[in-house]
Every structure is written in C-alpha cells, then in structure tokens.
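Student: Based on what follows, work out the 3D shape:
(4 chains)
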2 protein chains.
Amino acid sequence: MIESTSPSPRWSETWLNRLLEVAPLSDAAQDAVRRAPQLFRQFSAREHVVRDGVRDPGMRVMLSGLACRYKHLPDGRRQITAFIIPGDVCDFGFISDSPVSQDIISLAPSTIGIVDLDRLATIVELYPEIMTAILRCAAIEQSATQELLVSLGGRNALHRVGHLLCEMHHRLDRAGLVRAGGVFELPLTQSEMGEALGLSTVHVNRTIQMLRRLGLAIWRDRIVTLPDPESLARLCAFDPSYLKAQRD
Amino acid sequence: MIESTSPSPRWSETWLNRLLEVAPLSDAAQDAVRRAPQLFRQFSAREHVVRDGVRDPGMRVMLSGLACRYKHLPDGRRQITAFIIPGDVCDFGFISDSPVSQDIISLAPSTIGIVDLDRLATIVELYPEIMTAILRCAAIEQSATQELLVSLGGRNALHRVGHLLCEMHHRLDRAGLVRAGGVFELPLTQSEMGEALGLSTVHVNRTIQMLRRLGLAIWRDRIVTLPDPESLARLCAFDPSYLKAQRD
DNA sequence: CGCGGGTTTGAGACGTGTCAACGCGTGTGG
DNA sequence: CCACACGCGTTGACACGTCTCAAACCCGCG
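Tutor: Next comes the predicted model:
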C-alpha cells in the first residue's frame, strides 16, 4: 500500500460526479467536495483495504479500481456482500460511528481517498446538501444489498450471473467506465463471482458459457462484453431503478 | 386499519428502549422521544402497512406485532428482506428522502407509530443524540440484511432456519418478548419463512421437523420454543454481534 | 357440515455442489 | 533458458440438497 497526499485531478471528479447524480450541489459545495479527501492510498490487487474490526476513522471513497466487501463464514468461505466501484463510498459505518463488521479487499489495483471525519463534519455543516447526497448513496447501497438478496433467494444461476453483469454494466456505465459495444473491465475471478452469488466456481463457469452460447455475454481475460444489454436485462428481469436515489 | 391519536403508554416505551440500547439519551431527549409519535395505526394481520412506491411521509415505528418488508420477483413470488419487530423503524427511506422501494405487510395484528417529518426535524435539532441513535438503528438493519445474505449465500436449509430462529429469539428477547424457557410467539407461516430464506414451504417444514428431532427447536401454533438456545446458536454459527451498534 | 388455509408426507425430477483431472499462461528460481 | 509451481479456467462423472407435484390431514370457521 502506498500513501500520498497529492491527488490526480481525475479522482476528485469521479467522487463529485457520483454525488451530483443523487443530489444537486452548489458550486461552493462542489468545490468543497473536490477538496475533501486529503489522503490517498493506492492498493495493488487483493490487498486488504479495511480489516474487520479495525477501527480506523475516516470516510473512504473509492476513486479507481475495484474492491469488494465480504463476511466470513465459519468454515472459511466468504460471502461477498458488495462490489465497490469508483465513486462508491467503501463503507458507511462512519455515519453512525459504528465499526465496520466486514473486510474490504481490493480486486484490482485501486486508489482510495480518505476524508478525515472532523473535516467532513465541518464541510457538511457548511453544506448540508453534501450530507444529503452521502445519505442517498447509503440508501442506494442498502438497496443494492437487498437486490442481491433477491438474487440469492429467488433467482437461478443463469439469472444471478446475468443480473450481476447487468448491474455492473449499469453502474460502470454511469461512472463512464464502459466502452462502446458494451465492453468493460471486470477484474474478477470466477470464484469471486461465485462467492458473491452463492455459487460454486464450477457452476459459475458453466453458467458463463451458457450466457456466451446464448450470445448475451462474453467474459474473457477480465473483459466483459454485453452485445445486447437490453436482451440480457429482459432475460434476468434487471430493473435498474433500485440503483437510483429518486423514483422518476 | 384503525387510526388513533391516543397512545398506549407501553408503546412509547418500546420505542424509547430501543433507542436507549444503541445510544445514551438525556432525560429531556427521552421525553421528546416518548412524545414524538402523534399518530397511531393499528393493522390486522396481512394488511399492507406501506405500499411500494406510495410516498407517504413520516417515520414509521413498529410498536407491537410483527411485520415484514419484501420485494417482488417477476414471477409473482416474494423475497422477504426483513422482519420488523416492536421497536424497529419500518423503513429508513426518510433519512435520505428516498422513497421506499418495498412493500411492508403486517404478519400479525400490529400497531405502528408515525412521527411527522417536520416534527422529527425539530426534535433532532434540539437533541442530535436522537438522530445518532436512529442512524445506529439503520446501521444495525443494514447489518441484519447482510447476515441474511450470508445465510442465503452460504448456509444450508438447517442452518438458515436455525439461524433465523436464533436471530428472532435474540431480538425479541431484547424487546422483552421472550418468556421463560426460550418461548416466544412467531406468527409466521412456514411459507413466509421460506420466502425469507429462499426455501420452499415443503423444505422449511422438513427442516423444522429436523430441528425438532434434534431437540433444538419446537414450533407449533405460532409458538417457538428453544429449549437450548446456546446449542442451536453453536450449530448455526449464530453470533449476535451483528445486531449491536457497538463492538464491545 | 363443508370449506380453506396451513401443515405434513411421499415420490421423483432437477439444479447445483463436489471431486478430480487437465490445459494454459505467468512468474520464479535454478 | 529451462523446469517447475501456481492460479485460473475448463471439463466430466457423480452425489446430494432442494424443488415440484400431488395428496392427505388437521383445525378453525362460516
């Protein structure tokens, strides 16, 4: 892990853009958001970003890369509860001053911005709209967890995998990380996808081949291509409204 | 649904006690909490408390009875995402002014207290500790959702059912709703339990019989008895720390 | 008395897990 | 530069947990 205090300008924008998606911010507030993170940590793939139970105050914002949150099962397996993409807050425990009860691990080289809590407090005192935006992000994250719950409780393997691909496509697209033709990077292992979806590695593999045979998704060398996102969404009953702060 | 403005004194206490579990409150704040709900709704079993998409402002607090939140699956099935017991906030959408994206339905005759949002705002302005307490409740709820996710992703039927019984036992116990000998009311249908755990009714039934044969849980006529909660907790790897606001 | 919702039981189908082996690419150390 | 180990993806055979369908049962209630 490398620490630095000099941000790349792109970083502050991804975080700002996320907030602007969920709530309007005055120019002054936008500027405050840009300047909020003062410490930046770069992780290589599969490094612990947060360790369960370690209380290390500060709001952590994902700025580039990919990470996931997970819980341990007694027998050593893991259940991934969320994937964290650029613009996401890593965990919302700081809102209620509760410790995180989960590990967070990077899945690709990633950088995380850290906002000191005192600093955050003075900022949101000045610009309460920022707190509103953050709380809306928290609500969306809760909503995404519940949608994953729906997947595990009610969808078969094909729909689970397809739905997750739709979700990642949708979220990455909004973050400007999807190239033309529905192509995006997904630096996941099939086994990690299984840990999120409650499927064995082997079955994830077969399911992906099925999607490929159906012409709905190609996943090779960490690159996913969705030639026809609408069809896939229809197949998996993917409705992105759960990722929005506001009903339209 | 019957509406009234005259609370039973017991109601305000269950809500207050919940908040006191997660954060200390001054006497004045406690009083404000007691007087916060001004409208009370009584529902009979299986009535809609909240309808998906219906924006009906106000914080809703469960005061007696049992309810659940759920999402629809495209084929008409439901995925229950949370059980709501006395003291719980029905949904935390009001925090970020996002509409609920879920239905809430009563499972037993229930009463719900409604706190007007303007009124809530002035109260928490006066006593910010109350907002802290509410946010901690929200964090716990998120934590419970994730634990359910772990169940669906990584536990077999026996452990899912056992774990849920442990959780209900633990939560109801803290609300003072467990009688001696580990006896408590659980006015659930086996099919509803299946909807929460991603299991068919038939399999829930067989699983319960298995728990009965093991001498770990008896469930008859909406009454659950856990003769040996510790053994059951050990079997299912139930660790109640996820239901606490603070790590000890 | 009959009806309906919930529970219980049985038999068989099917989705998914497990185990084991192999291929392939990459990095590493001799 | 080769040999090797290692991680990841892939394939096959088989076991097993859970689902589905169908029927019977129980009990409270109209």
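
Student: Now do the SS call for the residue nearest to residue A:240 when sequence neighbours are not counted.
Tutor: Nearest residue to residue A:240, sequence neighbours excluded (CB to CB, 6 or more residues apart in numbering or on different chains): residue A:170, at 4.9 Å. For glycine as for every other residue, the C-beta is placed from the backbone atoms N, C-alpha and C. For residue A:170, the assignment made with DSSP: H, G, I helix; E, B strand; the rest coil gives helix.

Student: same question, residue A:6
Tutor: coil.

Student: which ones are touching it?
Tutor: By CB atoms under 8 Å, 6 or more residues apart in numbering or on different chains, residue A:6 lies in contact with residue A:40.

Student: Please report how far it lies from residue A:81.
Tutor: Counting by CB to CB, to the nearest Å, the separation of residue A:6 from residue A:81 is 32 Å.

Student: which residues in chain A form helices?
Tutor: A:9-22, A:27-35, A:93-96, A:117-126, A:128-154, A:157-174, A:190-197, A:201-213, A:229-236 (DSSP state H).

Student: pLDDT score for residue A:248?
Tutor: Residue A:248 is assigned 54 on the pLDDT scale.

Student: for residue A:5, that is, sorry about that
Tutor: Reported pLDDT for residue A:5: 89.

Student: Go ahead and confirm it touches residue A:41.
Tutor: No: using CB atoms under 8 Å, residue A:5 is not in contact with residue A:41; the gap is 10.6 Å.

Student: more neighbours, these two?
Tutor: A count of neighbours by other CB atoms under 10 Å in any protein chain shown puts residue A:41 above the other of residue A:5 and residue A:41, at 18 against 8.

Student: I figured that one hits residue A:1, correct?
Tutor: Yes: using CB under 8 Å, residue A:41 is in contact with residue A:1, at 5.7 Å.

Student: Closest residue of chain A to DNA strand D?
Tutor: Closest residue of chain A to DNA strand D, CB to the nearest atom of the strand: residue A:190 (3.5 Å).

Student: Would you mind confirming that that residue is in contact with residue A:205?
Tutor: Yes: the criterion here is CB under 8 Å, and residue A:190 meets it with residue A:205 at 5.5 Å.

Student: Residue A:91: what's its closest spatial neighbour, skipping adjacent residues?
Tutor: Using CB to CB, 6+ apart, the closest residue to residue A:91 is residue A:100 (4.8 Å).

Student: need the contact list for that neighbour.
Tutor: For residue A:100, the contacting residues are A:50, A:52, A:53, A:91, A:93, by CB under 8 Å, 6+ apart.

Student: Residue A:212 too?
Tutor: A:218, A:219.

Student: nearest residue to residue A:201 other than its sequence neighbours?
Tutor: residue A:191 (4.2 Å).

Student: The one you found and residue A:108: what is the separation?
Tutor: 15 Å.

Student: between those two, who's got more neighbours?
Tutor: The residue with more neighbours, out of residue A:191 and residue A:108, is residue A:108; 17 against 14, by other CB under 10 Å.

Student: give me the number of residues near the closest residue to the more buried one other than its chain neighbours?
Tutor: Spatial nearest neighbour of residue A:108, excluding adjacent residues (CB to CB, 6+ apart): residue A:187 at 3.9 Å. A count of neighbours around residue A:187, defined by other CB under 10 Å, yields 16.

Student: so what's the backbone phi/psi at residue A:187?
Tutor: Backbone geometry at residue A:187, expressed as degrees, to the nearest 10, gives phi -70, psi 60.

Student: residues contacting it?
Tutor: By CB under 8 Å, 6+ apart, the contact set of residue A:187 is A:45, A:66, A:107, A:108, A:222.

Student: tell me the contacts of the last one?
Tutor: I take that to be residue A:222. Going by CB under 8 Å, 6+ apart, residue A:222 touches A:185, A:186, A:187, A:188.

Student: For these, pick the one with the most neighbours.
Tutor: Within those, neighbour counts (other CB under 10 Å) peak at residue A:188, which reaches 23 neighbours.

Student: correct me, but that residue touches residue A:106?
Tutor: No: Residue A:188 lies out of contact with residue A:106 (CB under 8 Å); the separation is 11.9 Å.

Student: Spit out the residues that contact these two alike.
Tutor: With CB under 8 Å, 6+ apart as the test, residue A:188 and residue A:106 both reach residue A:66.

Student: of all the residues in chain A, which ones are close to DNA strand C?
Tutor: Chain A has residues A:156, A:157, A:158, A:198, A:199, A:200, A:202, A:203 near DNA strand C, with proximity defined as CB under 7 Å from any atom of the strand.

Student: and DNA strand D, which of these contact it?
Tutor: Within those, those near DNA strand D by CB under 7 Å from any atom of the strand are residue A:202.

Student: List the contacts of the most centrally placed residue in chain A.
Tutor: Nearest to the mean C-alpha position of chain A, by CA atoms, centre = their mean, lies residue A:84 at 2.3 Å. Residue A:84 sits next to A:62, A:66, A:67, A:68, A:69, A:90, A:104 when contact means CB under 8 Å, 6+ apart.

Student: again, 7 Å this time
Tutor: By CB atoms under 7 Å, 6 or more residues apart in numbering or on different chains, the contact set of residue A:84 is A:62, A:67, A:68, A:69, A:90.

Student: right, and the first one touches residue A:90 too?
Tutor: I take that to be residue A:62. Yes: at 6.0 Å, residue A:62 counts as touching residue A:90 under the criterion of CB atoms under 7 Å.

Student: Relative to DNA strand C, how far out is the residue nearest to residue A:240?
Tutor: Using CB to the nearest atom of the strand, to the nearest Å, one obtains 23 Å as the distance from residue A:170 to DNA strand C.

Student: what about that residue, neighbour count?
Tutor: Neighbours of residue A:170 (other CB under 10 Å): 16.

Student: For chain A, give me the ranges with low pLDDT.
Tutor: Residues of chain A meeting the criterion pLDDT under 70: A:247-248.

Student: can you list the domain ranges for it.
Tutor: A:2-147, A:155-243 (automatic domain parsing).

Student: looking at those domains, which is closest to residue B:23?
Tutor: Smallest distance to residue B:23 across those (CB to CB): 8.9 Å, for domain A:2-147.

Student: Just the terminal-to-terminal distance for that closest one.
Tutor: End-to-end span of domain A:2-147 (CA to CA, to the nearest Å): 34 Å.

Student: Now find how far off-centre that domain is within its chain.
Tutor: Taking CA atoms, centre = their mean, to the nearest Å, one finds the center of domain A:2-147 at 9 Å from the center of the full chain.

Student: for stretch A:138-156, same thing?
Tutor: 13 Å.

Student: Equivalent analysis for stretch A:174-186, please.
Tutor: 14 Å.

Student: ok, it near DNA strand D or not?
Tutor: No: residues of stretch A:174-186 are not located near DNA strand D by CB under 7 Å from any atom of the strand, the shortest gap being 9.6 Å.

Student: quick one on the thing from earlier: hmm, which two among the contacts of residue A:100 are most spread apart?
Tutor: A:53 and A:91 (12.5 Å).

Student: So the two - more neighbours on which side?
Tutor: A direct count of neighbours by other CB under 10 Å for residue A:53 and residue A:91 places residue A:91 higher, at 23 against 12.

Student: residues in contact with the more buried one?
Tutor: For residue A:91, the contacting residues are A:50, A:60, A:69, A:100, A:104, by CB under 7 Å, 6+ apart.

Student: can you rerun that using 8 Å?
Tutor: Residue A:91 neighbours (CB under 8 Å, 6+ apart): A:50, A:60, A:69, A:100, A:102, A:104.
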